[in-house]
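Q: from the sequence below, what's the structure:
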Amino acid sequence: MITIGLTTFSDHPALIDGVKRKVRLTEYSAHFPVVELDTPFYAIPKSTVIENWQHQVPKNFQFILKANRVMTMHDQGSSEPVGNEERLVAFNDYKRAIAPLMAAHQLKAVLFQFPPYFARSVATIEYLRRISLLMQGYPIAVEFRNSTWYGDEITRDVAGYLKELGITLVAVDEPHTTNRGVPFEPVVTNSKLALLRLHGRNVSGWTDQSSEWRSRRTLYRYSEAELSEFKQTVQTLNDQVDEVCVIFNNNSGGDAADNALQLKEMLGLTFGGLGPLQMNLF
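A: Model prediction:
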């Protein structure tokens with residue numbers, strides 16, 4: 001199975017002809033069967049918020065939710081890092097919050113997007129095992145943003161370790177230079193799910209350190225030739241796993257929706273059960 005989605009649902013007016021307003025989740029879910037949301041990264045939502053999301057989508061719609069910043073060690077880069085006990089509380093609170101999605105089989109993955117300083121070490125390797133134990137029974141995906149996790153033999157060993165833990169290694173497409181970014185490595189580590197996250201290839205925007213970095217970082221539109229390469233990758237992975245999910249994040253210029261619809265057409269995909277007239281209103 002192949003699924004395609006976008007990061008957030010509201011920032012894609014290209015999905016609605018003739019309007020420039022924010023897109024509603026009900027409208028988004030008529031086009032794609034999955035969405036990635038980063039709101040839990042900043043604050044763990046209440047279960048009632050998640051249940052409200054569920055009321056707006058079909059039964060077969062799924063969510064990828066970013067893990068909270070405490071769970072991904074982002075607090076270690078702040079002036080007030082938390083202790084192990086507080087970190088454990090965050091994991092437990094998070095699991096309680098997403099319980100409605102688990103019960104309805106609408107959680108595709110919890111995405112642990114680690115900070116750039118989360119380098120490969122004995123401690124971080126052990127932390128991955130701790131995550132697998134704390135989140136046992138939950139679908140987990142990890143995205144590394146430090147190049148120490150990659151290299152011919154390193155990638156093989158890391159992939160083997162994640163396979164042992166049952167964790168999906170996200171294949172990341174982003175600007176990759178000597179000092180920044182990570183390579184695109186579509187390696188299967190979980191037979192249930194392969195996850196591709198496409199950030200675009202805008203090198204200058206990716207390395208921008210000015211106050212405008214948010215508006216430039218993912219300013220990129222994939223060409224037809226580049227999408228054709230992704231098509232081949234997706235088809236190859238589809239022979240190895242139950243599901244390949246592609247998430248487009250190249251949206252600083254509003255290009256993600258168009259690119260996602262292009263790839264959907266190139267792959268000849270139709271997502272059944274979507275659309276406002278088929279909504280599960282509970």
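Q: quick check, Lys66 in contact with Phe114.
A: No - under the contact definition of CB atoms under 8 Å, Lys66 does not touch Phe114, with a separation of 11.0 Å. Yep, even glycine has a C-beta here, placed from its N, CA and C like the rest.
Q: skipping adjacent residues, who's closest to Glu243 in space?
A: If the residues on either side of it in the chain are set aside, Glu243 comes closest to Met1, at 4.5 Å by CB to CB, 6 or more residues apart in numbering.
Q: whoops, I mixed them up, Tyr117
A: In space, and not counting its chain neighbours, Tyr117 is closest to Gly77: 6.1 Å by CB to CB, 6+ apart.
Q: any figure for the gap between that neighbour and Lys46?
A: 27 Å (CB to CB, to the nearest Å).
Q: what sits against Ile140?
A: Each residue near Ile140 by CB atoms under 8 Å, 6 or more residues apart in numbering is listed here: 109-110, 112, 131-132, 166-168.
Q: quick one: low-confidence residue ranges for the protein.
A: Judged by pLDDT under 70, the chain has its weakly predicted residues at 178-179, 208, 212-213, 215, 273, 275-282.
Q: try 90 this time
A: Along the chain, the parts satisfying pLDDT under 90 run over 16-21, 75-84, 152, 175-181, 202-219, 252-253, 270-282.
Q: now do the strands in it.
A: 2-7, 34-37, 62-66, 107-113, 140-143, 168-169, 171-173, 193-198, 243-248 (DSSP state E).
Q: same list (these) but as CSV, adding distance to Val182.
A: Rendered in CSV, the data for the strands of the chain read as follows (distance: least, CB to CB, whole Å):
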stretch, distance to Val182
strand 2-7, 18
strand 34-37, 18
strand 62-66, 17
strand 107-113, 12
strand 140-143, 9
strand 168-169, 11
strand 171-173, 6
strand 193-198, 11
strand 243-248, 16
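Q: separation between the residue lying closest to Val57 once chain neighbours are set aside and His12?
A: The shortest distance from Val57 to any residue other than its chain neighbours is 4.4 Å, reached at Ser29 (CB to CB, 6+ apart). Distance of Ser29 to His12, given as CB to CB: 12 Å.
Q: do the same with Ser147
A: When distance is defined by CB to CB, Ser147 is 31 Å away from His12.
Q: kindly report the same for Ser78.
A: With distances defined as CB to CB, the gap from Ser78 to His12 amounts to 31 Å.
Q: same check on Tyr117?
A: Counting by CB to CB, the gap between Tyr117 and His12 amounts to 31 Å.
Q: between these two, which one's more packed in?
A: His12 (25 against 12; other CB atoms under 10 Å).
Q: so who does the residue nearest to Arg221 when sequence neighbours are not counted touch?
A: Take Arg221 and drop its neighbours on the chain: the residue closest to it by CB to CB, 6+ apart is Asp255, 4.0 Å away. Neighbour list for Asp255: 200, 220-222 [criterion: CB under 8 Å, 6+ apart].
Q: also Arg130?
A: Counting by CB under 8 Å, 6+ apart, Arg130 makes contact with nothing.
Q: what about it, distance to Phe144?
A: The spacing between Arg130 and Phe144, counted by CB to CB, is 16 Å.
Q: repeat for Phe91
A: Taking CB to CB as the criterion, Phe91 is separated from Phe144 by 20 Å.
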